[in-house]
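J.: I'll drop the sequence and a predicted model, then ask my questions.
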Amino acid sequence: MKIAVLPGDGIGPEIVAEAVKVLKALELPLTLQSAPVGGAAYEAFGHPLPPATLALAQEADAVLFGAVGDWKYDKLERALRPEQAILGLRKNLGLFANFRPALCYAELTHASSLKPELVGGLDILILRELTGDIYFGTPRGRRTAVDGHFPGSEEAFDTMRYSRPEIERIAHLAFQAAGKRRGKVTSVDKANVLETSQLWKDVVTEVHAQYPAVQLEHMYVDNAAMQLVKAPKSFDVIVTGNLFGDILSDEAAMLTGSIGMLPSASLDRNGKGLYEPSHGSAPDIAGKGIANPLATILSAAMMLRYSLNQPESAARIEAAVQSVLAQGLRTGDIWSEGCEKVGTRAMGDAVVTALKTTMTITKS
Ligand code: NAD
């Protein structure tokens, strides 16, 4: 099993090192090969996604990704900014489905800004379409307006666009995922205003006919944003387009209290995927050894489950993470009174120790 390891920028290398440590401790036949991406790749090769990095990702069975970006690159032309590496990887690897679970661990309920009774036991999955929508619609650009409210003035435009097959394939994944969970899909759109959303709603409804055991509800995105903070546990699987999914998945992440805990997976049609924490490169804490590596470690667990067909190893990692939390170990972002504050490396070491303990118990 070949894994391309792309640490990236900021805290990326620190947190990926811990996930690699955990993967190696599993003693599986894994080949891990690293390459620069994002700002690090721009510094070394003049491009955020150099051909060699892309080739490594294409040849691998799965990609373990850290994070990219730093404010120092904000003045670069858009095509050379670190974040373009993510868009390039999604496009070239055909990654169209972004799975972002938002899980609130019992030990961390207090870390949420919501009342414990609203988030305790929260377990929702946001499925975001990745290849269509306003991020990829053409044409996009700037020009002098010839009509509208301010003709003659400078204007910018991006086109929201979705095609039936793009909606069908993500809808199937949503119903299949819900079938293995609590059996409910909420499809989020803005069909009262947008034609793109009306197509989305119609197609999701049609696909639903093939999954009679799964309940489907439609919700406008503004209402979904409200319901996520009012009654988050009323959701099971949320499926939505690229733009709404980008925003709602961050909102859902914050319900759990720490973005440092949340993994994500972006999959192609064959189950090959890119796995990364839900957070960014956190330049404010980079190099300090205090970043929480658990989101990346849990992303490695998702990789074992979704792309490498190793569900038992995935479950072992998840149990080991649960165990370190139960021991009271916390990085700064999730620390509270009475817990032991640890750094990035110590947290990774603790997961490895817990993993070895559960492996020993399983073997004996
Ligand atoms: P961010 O997620 O990097 O950081 C937001 C806050 O959360 C910061 O205070 C940070 O210290 C904290 N944080 C994030 N991850 C943490 C962790 N593992 N442990 C402890 N604390 C953590 O978001 P931002 O500050 O808006 O963006 C910073 C850079 O990351 C930008 O350049 C942005 O473009 C980039 N970014 C990259 C990705 C990606 O690589 N997929 C995603 C989002 C943002």
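T.: Happy to help now that I have it.

J.: for the residue nearest the centre of the chain, helix, strand, or coil?
T.: With the centre of the chain defined as its mean C-alpha position, the nearest residue by CA atoms, centre = their mean is residue 264, 3.0 Å away. Secondary structure assignment for residue 264 (DSSP: H, G, I helix; E, B strand; the rest coil): strand.

J.: partners of it in the sheet?
T.: Assessed by DSSP bridges, residue 264 has beta-bridge partners residue 276.

J.: doesn't residue 99 make contact with it?
T.: Yes: checked against CB atoms under 8 Å, the pair residue 264 and residue 99 is within contact range at 6.4 Å. The C-beta positions use only the backbone N, C-alpha and C, and glycine is treated the same way.

J.: Now do the shared contacts for these two.
T.: Listed contacts common to residue 264 and residue 99 are residue 302; contacts here mean CB atoms under 8 Å, 6 or more residues apart in numbering.

J.: thought residue 26 was touching residue 316?
T.: Yes: here residue 26 reaches residue 316: they are 7.3 Å apart, a contact under CB under 8 Å.

J.: Compare those two (neighbour count), which wins?
T.: It is residue 316, of residue 26 and residue 316, that has more neighbours when counted by other CB atoms under 10 Å, with 22 against 19.

J.: where's the residue nearest to residue 208 when sequence neighbours are not counted, which helix or strand?
T.: Nearest non-adjacent residue to residue 208, counting by CB to CB, 6 or more residues apart in numbering: residue 216, 4.6 Å away. Using DSSP states H and E, residue 216 sits in strand 215-220.

J.: can you give me how far that strand is from the chain middle?
T.: 22 Å (CA atoms, centre = their mean, to the nearest Å).

J.: still on that earlier bit, find the residues that touch each one of residue 26 and residue 316.
T.: Listed contacts common to residue 26 and residue 316 are residue 355; contacts here mean CB under 8 Å, 6+ apart.

J.: Tell me which residues touch the residue of the stretch 251-364 of the chain found nearest the ligand, please.
T.: Nearest residue of the stretch 251-364 of the chain to the ligand, counting by CB to the nearest ligand atom: residue 280, 2.5 Å away. Contact analysis of residue 280 by CB under 8 Å, 6+ apart lists 10, 67, 69.

J.: Could you list the buried residues of the lowest-mean-pLDDT helix or strand in the chain?
T.: Lowest mean confidence among the helices and strands of the chain (mean pLDDT, DSSP states H and E): helix 344-363, at a mean of 85. Applying a neighbour-count criterion of 16 or more other CB atoms under 10 Å, the buried positions in helix 344-363 are 344, 346-352, 354-355, 358-359.

J.: now stretch 328-336
T.: 329-331, 333-335.

J.: ditto for stretch 67-74
T.: Applying a neighbour-count criterion of 16+ other CB under 10 Å, one finds 67-70, 73 buried in stretch 67-74.
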